[in-house]
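Asker: Predicted model and sequence follow; I will ask about them next.
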Amino acid sequence: MAQGPHRRDVLVVRWTGAGETRGAFLLEHGDRLQALREAARVVRPGGLVAAAAIGRYASLFEHVATTMLTVDRVRAAVTDILVSGVHEPGRKGFTSAYFHTGESLAAEMREAGLSEPRVYGVEGPAWSALKATEQHTRDSLIDSKMFEAALTAARLAEPHPDLLAASSHMLAVATV
């Protein structure tokens, strides 16, 4: 284990593969665990490791908002993500990626030896309603009542783990 001044108090893990130029995410469970274990190795005891992840249902909500879910190849890719969590490279114009549930993200943190993982929804459950409205009106909703309501929904949803999946992205934080 790293000792002394080279250890950090906080480290954020990105799920990208080494040497990937297009930002491919770590698909394999073992690779994600290795990244988390390496993060834990370089963080001081009591320090924090944070990991960002794509929510399992993000692609479903995204493609409803953009109306692309009716396209056969998009619907097939979204179906695969819902079942396995895996998006294979080159399908529907997105890189390879693993789409977590809140529980699977917390479980990976625990399996990597991290303590007390907390998972937060980044955008909250109403993000796709905002995206759909902006997509179809071409108007920004920043500073609107709808945007304010979406932020309120995100705050209200935070203590309810079942609503994590409605957020497009999640952030997990755990202690070394």
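Answerer: Done, it's in.
Asker: Now do the buried residues in stretch 102-119.
Answerer: 102, 104-106, 108-109, 112, 114, 117, 119 (16 or more other C-beta atoms under 10 Å). In short, each C-beta sits where N, CA and C put it, glycine included.
Asker: Poorly predicted segments of the chain, please.
Answerer: 1-24, 90, 92-93 (pLDDT under 70).
Asker: Helices of that one, residue ranges please.
Answerer: 29-42, 58-65, 72-84, 102-111, 127-137, 145-157 (DSSP state H).
Asker: okay, the ones you listed in JSON lines with distance to residue 176 next?
Answerer: As requested, the helices of the chain are exported to JSON lines (distance: least, C-beta to C-beta, whole Å):
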{"stretch": "helix 29-42", "distance to residue 176": "5"}
{"stretch": "helix 58-65", "distance to residue 176": "28"}
{"stretch": "helix 72-84", "distance to residue 176": "30"}
{"stretch": "helix 102-111", "distance to residue 176": "11"}
{"stretch": "helix 127-137", "distance to residue 176": "31"}
{"stretch": "helix 145-157", "distance to residue 176": "28"}
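Asker: Please work out which of these is packed deepest.
Answerer: The highest average neighbour count among the helices of the chain, using mean count of other C-beta atoms under 10 Å, belongs to helix 58-65 at a mean of 21.
Asker: the inter-axis angle of that helix versus helix 127-137?
Answerer: Interaxial angle, helix 58-65 versus helix 127-137 (axes from the mean of the first three to the mean of the last three C-alpha atoms, to 10 degrees): 30 degrees.
Asker: Begin at 56 from now on, thanks
Answerer: Sure, I'll start counting at 56 from here, so that last one is helix 113-120.
Asker: Helix 113-120 to helix 127-139, inter-axis angle?
Answerer: 150 degrees.
Asker: longest strand of this protein?
Answerer: In the chain, assigned by DSSP state E, the strand with the most residues is strand 98-110.
Asker: ok now that strand, how far from the chain's centre?
Answerer: 13 Å (C-alpha atoms, centre = their mean, to the nearest Å).
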